[in-house]
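Student: Output the structure for:
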Amino acid sequence: MAVNELSSVRPLQPKSISFKPNWLRHWSPFQAILVGSAVLVTALILLVPAYLLLRTVTGWENAAQTLLRLQTWQVLGNTVILAVSVTLATAVLAVPLAWLTTCTTLPGRRLWSILVALPLVIPSYVAAYLFASLLTPKGLLQQWLYPATGLERLPAFYGFPGAFLVLTIISYPFTYLTVRAAFKRMDPALTEAARSLGVSPRRAFFRVTLPYLRPSILAGSLLVSLYVLRDFGAVTMLQYSTFTRIIYNRYTGYRLDAAAALALVLVALTAVILIFEHKSRGRARYGRTSIGAARRQQPVQLGKWTIPALAFVGSVVFVALIVPAGGLIYWFWRGWQQDFGVKMLDGASSNTAALTSLLEPAWHSFSASFLGAVLAMTLALPIAILVVRRPGRLSQFFEKVTYASFALPGIVVALAFVFFGINYATSFYQTLPMLLLAYVILFIPQAVGAERASLMQVSPHLEEAGRSLGQRPSSVFRRITLPLVRPGIIAGGALVFLTAMKELPATLILSPLGANFLSAQIWTNINEAFFARAAAPTLLLILLSSIPLAWMTLREKNNGKR
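Tutor: Purely as a prediction, here's the structure:
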């Protein structure tokens, strides 16, 4: 008996020795690929701060003098005041607009939802020149009012008032779209439970609905604040001194050390905003824990508030959309009457020839923006997966670096690429790939945000079920996760495309040799006060930029009918 037992014992096998670190032994090949891709993207983004540090260190005396000047701190105050004011104003506008167009019986709410979001397609420099031509002390409005009222001069528009108005009306759709999406996902059982406990509708909104909307409001407000920090066109046109305008002036004056020091201050300011947003996010969870699908929310009857609601929504649409559109049509008509084709384009002998000649820069703008959106969404996906599925210090670092890149001015990113292109990659300089990489750095926060939001709506239990059936992580992602998050990826890509179409400084500096872009053509005409000549390319740019919003709206409408 003992012999048989001994004979059944298998000899000990030598234990294999692994030289991998403990943290690497738990990684699958799929996760290693994700981390490797995220590291490459992070290194690409950190290339710009590396350039800023290099310029600051090599010229530390000039940089120190710049940072210690009173003017620098005044510019810092101007930048913070503008960012905070615009962020608060957009939140005040966006939340009621999202509620009225989603949760109420507002007449024509589907049409209003489209019109309210359309100001997002207007570039800041276009809105600035349209409002400046209308509202300046001797602008078009004063000329129209003078015969009837005798008004000789309107209040000053340049400076903070103009920058605040323009940036508010073109950036509130960031918060509006995120809050509106949250309203559409919200389970009506939450407010119904509060009402059943005797809570009034007003208190239910502040105690139930508003806390539920907090992540969406913070996400939209973060995009708005970062957009204001890096805006170049509006503050330059309206002569309001923020960091981007001063940095541009320093660069054009070949004071590169001072410009790099100011850009580093802007990056530090962005880090403070990101830390504040992260602390405000909290640890609360807002997902449904009950079984089954959420019911459709019944629209709230406005009753006697229908007319005030229509007046509010109509006023926002009038100021943010009708006024700029009317001004643009006016300048286009003026240019058509003056035969702007002869003056605007070399070799063009008529208005028709001038409009036809815009097809080439339109194609360059469309193709570069489309390729940049595809590249940004592809490179952002590994970071979004790590942030949602593998949260930790490393994934948080990747996320914060990507968001920090949104505050880098286009002029800084462009000149950093010029520096490295001239010194280390001559064949890469002023080519389409360099411009696309600049687009990735500038717009990858939008891509990561959209993909992270989509992944958070996919239950990890679905992926665990796939793994339990013996599928590899890469196969689970390809067959389960990717089909579920594809709509969010496409929507995020559409937003990146729209923003890339409007990008000005990076396009001006990094555009390939011989390639003309609509944004560059518009800026050249605006900078020379040729508003009529800028109207035609501006109209074409806005029409092309409207394609993503139109597609998302039609897709939402079709999904609502299913």
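
Student: Mind pulling up the pLDDT for the nearest residue to Pro548 once chain neighbours are set aside?
Tutor: Spatial nearest neighbour of Pro548, excluding adjacent residues (Cβ to Cβ, 6 or more residues apart in numbering): Ala494 at 3.3 Å. Backbone N, C-alpha and C define where each C-beta goes, glycine included. The model reports Ala494 with a pLDDT of 83.

Student: Spatially central residue for the chain, please.
Tutor: Residue closest to the mean C-alpha point of the chain, counted by Cα atoms, centre = their mean, is Gln446 at 4.9 Å.

Student: before we move on, which element is that residue in?
Tutor: Using DSSP states H and E, Gln446 sits in helix 432-456.

Student: if we can go back for a sec, which strand or helix spans the residue nearest to Pro548?
Tutor: Residue-wise, Ala494 maps onto helix 482-502 under DSSP H and E.

Student: Pull out the buried residues from that helix.
Tutor: 485, 488-502 (16 or more other Cβ atoms under 10 Å).

Student: ok, Thr136 to Phe232 distance?
Tutor: 20 Å (Cβ to Cβ, to the nearest Å).

Student: Of the two, which one has the most company?
Tutor: Phe232 (24 against 19; other Cβ atoms under 10 Å).

Student: so who does that one touch?
Tutor: Phe232 is in contact with 124-125, 244-245, 248, 409-411, 504-505, counting by Cβ atoms under 8 Å, 6 or more residues apart in numbering.

Student: Show me which of those is closest to Gly303.
Tutor: Lowest distance from Gly303 to the contacts of Phe232 (Cβ to Cβ) belongs to Ser124, with 38.7 Å.

Student: In contact with the closest residue to that closest one other than its chain neighbours, which residues?
Tutor: Nearest residue to Ser124, sequence neighbours excluded (Cβ to Cβ, 6+ apart): Ala234, at 3.9 Å. Ala234 makes contact with 124-125, 127-128, 163, 166-167, 170, according to Cβ under 8 Å, 6+ apart.

Student: and if you look at Val48?
Tutor: 405, 408, 412-413, 416, 441.

Student: Try it again at 6 Å.
Tutor: Neighbouring residues of Val48 by Cβ atoms under 6 Å, 6 or more residues apart in numbering: 408, 413, 416.

Student: next one: Ser405
Tutor: Listed by Cβ under 6 Å, 6+ apart, the contact partners of Ser405 are 45, 441.

Student: on that earlier part again, give the ChimeraX command for selecting the buried subset of the contacts of Val48.
Tutor: Selecting only the buried entries of the contacts of Val48 in ChimeraX, with 16+ other Cβ under 10 Å as the criterion:
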select :408,413,416
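
Student: Between the contacts of Phe232, which sits nearest Leu44?
Tutor: Gly410 (15.6 Å).

Student: What residues of the longest helix seen in the chain count as buried?
Tutor: If you go by DSSP state H, the chain has its longest helix at helix 70-103. For helix 70-103, burial by neighbour count (16+ other Cβ under 10 Å) applies to 72, 75-76, 78-80, 82-83, 85-87, 89-91, 93-95, 97-103.

Student: For that helix, name the packing helices and strands.
Tutor: helix 109-117, helix 160-185, helix 210-230 (3 or more Cβ pairs under 6 Å, 6 or more residues apart in numbering; DSSP states H and E).

Student: and that helix with helix 109-117, angle?
Tutor: With axes from the mean of the first three to the mean of the last three Cα atoms, to 10 degrees defining the directions, helix 70-103 sits at 170 degrees from helix 109-117.

Student: where exactly do the helices run in the stretch 301-450 of the chain?
Tutor: 306-317, 323-337, 340-344, 351-356, 359-389, 393-405, 410-424, 432-456 (DSSP state H, counting those that start in this stretch).

Student: Find me the pLDDT at the residue nearest to the centre of the chain, would you?
Tutor: Looking at Gln446, its pLDDT reads 81.

Student: Now for it: which residues touch it?
Tutor: Going by Cβ under 6 Å, 6+ apart, Gln446 touches 495-496.

Student: how close does it get to Ile114?
Tutor: With distances taken as Cβ to Cβ, Gln446 is found 20 Å from Ile114.

Student: Over to Leu262?
Tutor: For Leu262, the distance to Ile114 - Cβ to Cβ - is 40 Å.

Student: Ok, Leu386 next?
Tutor: For Leu386, the distance to Ile114 - Cβ to Cβ - is 35 Å.

Student: Those two: which is more packed in?
Tutor: Higher neighbour count among Leu386 and Ile114: Leu386, with 22 against 19, using other Cβ under 10 Å.

Student: leaving aside the residues next to it on the chain, what's closest to the more buried one?
Tutor: Ser395 (4.1 Å).

Student: tell me, how many neighbours does that neighbour end up with?
Tutor: Neighbours around Ser395, by other Cβ under 10 Å: 20.

Student: wouldn't it be in contact with Val387 here?
Tutor: Yes. With contact defined as Cβ atoms under 6 Å, Ser395 and Val387 form a contacting pair (4.8 Å).
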